[in-house]
Each structure stands twice: as structure tokens, then as C-alpha cells.
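Novice: pasted the sequence and its predicted model underneath.
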Amino acid sequence: MNNKAVYYSDYLQLEKIIDAQQPESFKEGKVPAHDEMLFIIIHQAYELWFKQVLFEVNSVIDIMSKPTVNDNSTEMQTVVHRLKRVVTILKVLVQQIDIMETMTPMDFLDFRDMLRPASGFQSYQFKVLEAKLGLKFEHRHGQNYYTSQLEEKDIAIIKDAESGKSVIELINTWLERMPFITEDLWDNYKQVYVNSLAEAEKNNAESFAAIFDDGTQNLERKFTPKACRSALFIMLYHGYPMLEFPFQLLDTLLEIDTQLGNWRYRHINMVQRMIGSRIGTGGSSGAGYLKAAMDKHYIFKELTQLNSFLVDRKKLPVLPKNLTQKLGYL
């Protein structure tokens, strides 16, 4: 069978992409604003990267949604690999702000008013990404404003994403089925932790119970006590071969949160530099809205909080021999 030759520009559909920049200021009767082309291309690049990130996250959800995930197969390696790719892409998104900041506030004002009411807040892909990772509507800042600027077709896409299984829910299920922690082992660690607390930290014992004891399930939390115990066990004993990829998975989720936070932080600083205290083109409070959202929209913060309950390696309870054999290569 003869395969048709593939031509570079046809394969990439460059005609569509390169002709997709139509600056408002370049239209007849207006004074062209040079930096509007940069503004458009950067935001188009963001949306392309959002598409790739969603592609990776959706593949992770597909794998983790299986009735059972084989931790001894390549499935867990694939999940970790693809989430690490997400982290790398998010770092690129943060770095792109450096390019945007070559535009001065006066350069932006040359075309800013022509954009109303268009706003980056109308990026449905970013909202879908947040929902797929696990940010629920009830935990969002500015719920009334959340979809008010969107078209109905985009709202439907976001609601569909919110109704499906998220990464955080699937990770919780995966953690809950980890078989290694016995009641004796957990009681032993709890005693070690409480005894390790300084006098000024004694209240941490109450927090420990609130997060890890089954009888104190907090419906506001995304991780159950059982899942939290498993996550802490992974963090404590991740030197064992069987826990290497589980630890990398948890650590990568935290890095995703870090990079999303970095992106929001850089975005806030850029907005303050460009428009000061003025409202955004979409009608939000501008930098004020972004800062409040940044403070509230950390998705995996419950995993970060578990670091409060670690103890020095030298104080770690020694694991039973039968358990160390299960966690090793033998």
C-alpha cells in the first residue's frame, strides 16, 4: 500500500494557525497597536497548551478509572510520567509571562478597550482543567461570577467535566485500597508522633485525630481518613521499592498545585503592573479577584498538610519483616 506523502505545513495545518490572528486594532478605520499581535499569539499558545494538559489529564483519569489499577504494571509509571509532563508544561506557561511582560502598560492601553468584554476568565479549557483535577464548584471563589461571562455551549462543557470523576477522587479511591497499614502499626505510629511534639505543638495531636481517625470524617475534606493514612505511610516509607512510584505520584500532584499557584501569582503581578487597581476587561475586580482565587484554589492542599504529621526517620517505627518483604523486590 502506497502512503500519501505528508507535507509539513499540511500536517500541522499551518494555514489555519498562522492566519488565526486577527487583531481588533488592525481593522479598517483603527490605528494598529503593534503589541496586540503578541497578546493574541501568547493567549493562543496558552490555549494550545491547555488542550495538551487536558489530553494528559484525561488519559490519567481513564487509567485510574479502571476497576483495579495494577501497581506492579506499567500503568502507574504511565500515570506518573504523564502528570510530570503536565508539570513541565505548566512551567512553560509560567515562563510565557516573561514574554508578555515585554509589553508596557501603555502598549496594552493602545488596544485594551477594544477587547471588552473578552477576558482570559472566559477560558473554558482552564476551568475544565481545574474541574478535572478536582476543584469543585462549591470550593470556588466568586461562584456568581464563575460562568456569568461564558456562552451556554462552554458552560455545558464545564458542567460535564464537573460531573465526572476527578483526579483527586480517583487518587482517594486508590489510596483507600492500599493494604499495608494494620491497626497495630497505625496505633504505634500515632504514639510516636504525639511523643515527638514540642510543648507548643501539642494541639497537633487533636488535628492528627481529626484527619486520620475514621470516626471524625469531615465532609469538607477531599481525602478520607483511610486515604490520608495511606498517603502519610507512603511519605514516611517511600524508600521502599514498592512505594517509589506512589510517592512520585503524590509528589507530582503537589508540584502541579505549586505550578498552578506560580502561574496565578505571576498573573496577579502582571495584571497589577499593567492595569493597577482597574477592573478586568471581563468585569472582574482584576488583581483583587485573582489574588482571592489563588488563595482558595489549591486543589491538593490536603496532601501538603500531611507534612505536619511526619517524624524524624530515626524515630520511625520498624516495619514487621513480612511487610518489608512485600514492600521490597523479593
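Specialist: All right, it came through fine. Residues are numbered from 1 along each chain as shown.
Novice: so for the helix or strand harbouring residue 44, mean pLDDT?
Specialist: Using DSSP states H and E, residue 44 falls within helix 36-64. The average of the pLDDT scores along helix 36-64 is 97.
Novice: buried residues of it, list them for me.
Specialist: For helix 36-64, the neighbour count (16 or more other Cβ atoms under 10 Å) marks 36-40, 46, 49-50, 53-54, 56-58, 60-61, 64 as buried. In this view, the C-beta of every residue, glycine as well, is placed from N, C-alpha and C.
Novice: same question for stretch 299-314.
Specialist: Quick answer for stretch 299-314 (16+ other Cβ under 10 Å): 299-300, 302-303, 306, 309, 311.
Novice: returning to that earlier point: helices or strands up against the helix holding residue 44?
Specialist: helix 74-100, helix 124-133, helix 167-176 (3 or more Cβ pairs under 8 Å, 6 or more residues apart in numbering; DSSP states H and E).
Novice: list the buried residues for the biggest helix by length in the chain?
Specialist: For the chain, the helix that runs over the most residues, judged by DSSP state H, is helix 244-275. For helix 244-275, the neighbour count (16+ other Cβ under 10 Å) marks 244-264, 266-268, 270-271, 274-275 as buried.
Novice: now swap in stretch 157-171 and tell me
Specialist: Buried-residue list, stretch 157-171, by 16+ other Cβ under 10 Å: 157-158, 161-162, 166-171.
Novice: what's that stretch in contact with?
Specialist: 57, 60-61, 64-65, 124, 127-128, 131-134, 136-137, 147, 150, 222-223, 227, 249, 253, 299-300 (Cβ atoms under 8 Å, 6 or more residues apart in numbering).
Novice: same check on stretch 94-111?
Specialist: 23-25, 31, 33-36, 38-39, 42, 45-46, 259, 262-263, 266-267, 270, 273-275.
Novice: for this protein, which spans come out with low pLDDT?
Specialist: Within the chain, the ranges that satisfy pLDDT under 70 run 1-2, 141-146, 215-219, 276-290, 292-296, 329-330.
Novice: so which elements touch the helix or strand where residue 185 lies?
Specialist: Element membership for residue 185 (DSSP H and E) is helix 183-196. Where contact means 3+ Cβ pairs under 8 Å, 6+ apart, helix 183-196 is packed against helix 204-212.
Novice: straight-line length of stretch 95-108, end to end?
Specialist: One end of stretch 95-108 to the other measures 19 Å (Cα to Cα, to the nearest Å).
Novice: now residue 220, what's its secondary structure?
Specialist: Following DSSP: H, G, I helix; E, B strand; the rest coil, the label given to residue 220 is coil.
Novice: distance check, it against residue 169.
Specialist: 15 Å (Cβ to Cβ, to the nearest Å).
Novice: and for residue 237?
Specialist: Computed as Cβ to Cβ, the residue 237 to residue 169 distance reads 25 Å.
Novice: check residue 89 too.
Specialist: 23 Å.
Novice: do residue 107 as well
Specialist: Per Cβ to Cβ, residue 107 is found 44 Å from residue 169.
Novice: same check, this time on residue 121
Specialist: Counting by Cβ to Cβ - residue 121 and residue 169 are separated by 26 Å.
Novice: related to what we said a few turns ago, what angle do the helix holding residue 185 and helix 204-212 make?
Specialist: Interaxial angle, helix 183-196 versus helix 204-212 (axes from the mean of the first three to the mean of the last three Cα atoms, to 10 degrees): 150 degrees.
Novice: and the contacts of helix 183-196?
Specialist: Contacts of helix 183-196 (Cβ under 8 Å, 6+ apart): 205, 208, 212, 229, 236, 309, 311-312, 315-317, 319-320, 323.
Novice: what is the nearest of the residues you listed to residue 178?
Specialist: Nearest to residue 178 among the contacts of helix 183-196: residue 229, at 8.6 Å, using Cβ to Cβ.
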